[in-house]
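Participant: Need a 3D model of the following:
(2 chains)
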2 protein chains.
Amino acid sequence: MEGKHFEETAVAVLQDIILHRRDVRGNRFLSKPLEEEVVDKLLTAALNAPSVGFSQPWEFVLIRDEAVKQRIKASFNEENEKAVPVFSEEKQPDYIRLKLEGIMEAPLNIAVFYKPSDKPVLGQTSMEEAGLYSVVCAVQNMWLMARALNIGIGWVSILDAEKVKHILNAPMENKLVAYLCVGYTNGFYTQPELEILQWEKRKMKQAVVFKEGY
Amino acid sequence: MEGKHFEETAVAVLQDIILHRRDVRGNRFLSKPLEEEVVDKLLTAALNAPSVGFSQPWEFVLIRDEAVKQRIKASFNEENEKAVPVFSEEKQPDYIRLKLEGIMEAPLNIAVFYKPSDKPVLGQTSMEEAGLYSVVCAVQNMWLMARALNIGIGWVSILDAEKVKHILNAPMENKLVAYLCVGYTNGFYTQPELEILQWEKRKMKQAVVFKEGY
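Facilitator: Below you'll find the predicted structure:
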């Protein structure tokens, strides 16, 4: 057979990484800087994600500057305040108590953008959004690689994407897909934090898997 | 430290899986059926993906029925014909020659849907698309797990999403995110097929990584 053959141990290792990956927030990050080779491993994982038509439509902005982070954090604060009244009165006190980002605490932030191609892309002619999805695959590769390296990543989506683009001077045509907080941690929760706090229940396989159709 | 600590071997295994993962098309799939426990491993990987606000907004339709696959394939054929004139005259003969799906050849197809929540979702109040992105993370988890199991996955995006929804009788509010062809293969290319065929060039890290802003 052409191409590498993986042994069963690879399945077990990958399953472990997947099951132990967590969304890491500011109350968990250590200030210890990330080594260049570690950042390189994350980016290599990202750059080897699948992409529609091999278009590789991703761009990454590495942010360590406190002043830049402060401006991003201000957008988070604004959006997070707007979010509170969206939730039921019962849930609001819990929402307010949650630490939902680690922008200042994480030594590295990575803004991940979708850069549309200036020519037609194979596979993207019927579903334009496939380009965005390629960028998300790159994020998930980084997230898993980080976990294998015992590094935490938190994905912050409570942001005004246009403000973030402005702060980072991003080209108009780019779209912000993800804003990641990256750093060593003082540990990883053994379950998703929102599951521990009973904010949401875990869905059972039978509830979300269908056969031949709905 | 709370939570599992991974050794360096885990990093090497994950990197190998990431680097050897391929988009697999019909000329590679074997008809050998997938064992139930193998399908279960793929779904477990998907269900343990990150999701915004632990919303787990994914649904999976497993398709093995030839008649259902034929109807999906008809949508592919239609969209693929529409795609040809989009490309330059120079590229069109190459486009036509490419085998871009394995709907009939793969013993299992999986249609992956985003199911919007009927209540507000934590983290999705500013970037609605975060829900779709959670589903893509589930797809990427499955794709990597498949590769570790020496199983191929091909993502077909040359489809009319509304027609696929109709064929599978999907609820109106659901959105088709991915249509996957899944099966054992006669091997994996050592590089992306579109790179080998020089359809697209690989992007260098320096070209897509920026510091502190653009």
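
Participant: Spell out whether the longest strand along chain A and chain B are in contact.
Facilitator: In chain A, assigned by DSSP state E, the strand with the most residues is strand A:175-184. Yes - contact of strand A:175-184 with chain B (C-beta under 8 Å from any C-beta of the partner chain) involves A:Val177, A:Ala178. Every C-beta, even on glycine, is put in place using the N, C-alpha and C of the backbone.

Participant: Against A:Glu193, how distant is the nearest residue in space to A:Asp94 that is not next to it in sequence?
Facilitator: Closest residue to A:Asp94 apart from its sequence neighbours, by C-beta to C-beta, 6 or more residues apart in numbering or on different chains: A:Trp199 at 6.7 Å. Counting by C-beta to C-beta, to the nearest Å, the separation of A:Trp199 from A:Glu193 is 8 Å.

Participant: so who does the most centrally placed residue in chain A touch?
Facilitator: By C-alpha atoms, centre = their mean, chain A has its centre lying nearest to A:Trp155, at 4.0 Å. A:Trp155 makes contact with A:Asp23, A:Val139, A:Trp143, A:Ala178, A:Tyr179, A:Leu180, B:Pro50, B:Val52 under the criterion C-beta atoms under 8 Å, 6 or more residues apart in numbering or on different chains.

Participant: partners of it in the sheet?
Facilitator: A:Leu180 (DSSP bridges).

Participant: Tell me how far it lies from A:Arg25.
Facilitator: 10 Å.

Participant: returning to that earlier point: in the helix or strand just after the longest strand of chain A, what's buried?
Facilitator: Later in the chain than strand A:175-184, the nearest helix or strand by DSSP states H and E is helix A:193-196. Neighbour counts over helix A:193-196 (16 or more other C-beta atoms under 10 Å in any protein chain shown) mark A:Glu193, A:Leu194 as buried.

Participant: One more: stretch A:64-76?
Facilitator: Those would be A:Val68, A:Lys69, A:Ile72, A:Lys73, A:Ser75, A:Phe76, for stretch A:64-76 by 16+ other C-beta under 10 Å.

Participant: same deal with stretch A:170-177?
Facilitator: A:Ala170, A:Asn174, A:Lys175, A:Leu176, A:Val177.

Participant: surely the second one meets A:Glu59?
Facilitator: To tie it back to what came earlier, the one meant is A:Asn174. Yes - shown here, A:Asn174 and A:Glu59 form a contact pair, counting by C-beta atoms under 8 Å, at 6.7 Å.

Participant: got any residues that touch both of these two?
Facilitator: A:Phe113, A:Tyr114, A:Lys115.

Participant: Could you confirm whether the strand or helix carrying the first one reaches chain B?
Facilitator: Translated: A:Phe113. Per DSSP H and E, A:Phe113 falls inside strand A:108-114. No - using C-beta under 8 Å from any C-beta, strand A:108-114 never reaches chain B; the gap is at least 8.8 Å.

Participant: In terms of secondary structure, what does that strand contact?
Facilitator: Other helices and strands packing on strand A:108-114, by 3 or more C-beta pairs under 8 Å, 6 or more residues apart in numbering or on different chains; DSSP states H and E, are helix A:36-47, strand A:58-63, helix A:130-148, strand A:175-184.

Participant: List the residues that contact A:Asn195.
Facilitator: You called it Asn, but residue A:195 is Glu. A:Lys201, A:Arg202, B:Phe54.

Participant: Next one: it from A:Arg22, what distance?
Facilitator: From A:Glu195 across to A:Arg22, the span is 10 Å (C-beta to C-beta).

Participant: ok, now A:Gln206?
Facilitator: As judged by C-beta to C-beta, A:Gln206 and A:Arg22 stand 25 Å apart.

Participant: Report how many residues lie close to A:Thr44.
Facilitator: With neighbours defined by other C-beta atoms under 10 Å in any protein chain shown, the count for A:Thr44 comes to 16.

Participant: excluding its backbone neighbours, what's nearest it?
Facilitator: B:Gln15 (7.4 Å).

Participant: So the one you found, which state does it fall into?
Facilitator: helix (DSSP: H, G, I helix; E, B strand; the rest coil).

Participant: Any idea how many residues pack against A:Leu122?
Facilitator: By other C-beta under 10 Å, neighbour count at A:Leu122 equals 22.

Participant: any idea how far it lies from A:Glu128?
Facilitator: 13 Å.

Participant: By neighbour count, which of the shared contacts of A:Asn174 and A:Glu59 wins?
Facilitator: Most surrounded of the shared contacts of A:Asn174 and A:Glu59: other C-beta under 10 Å gives A:Phe113, at 25 neighbours.
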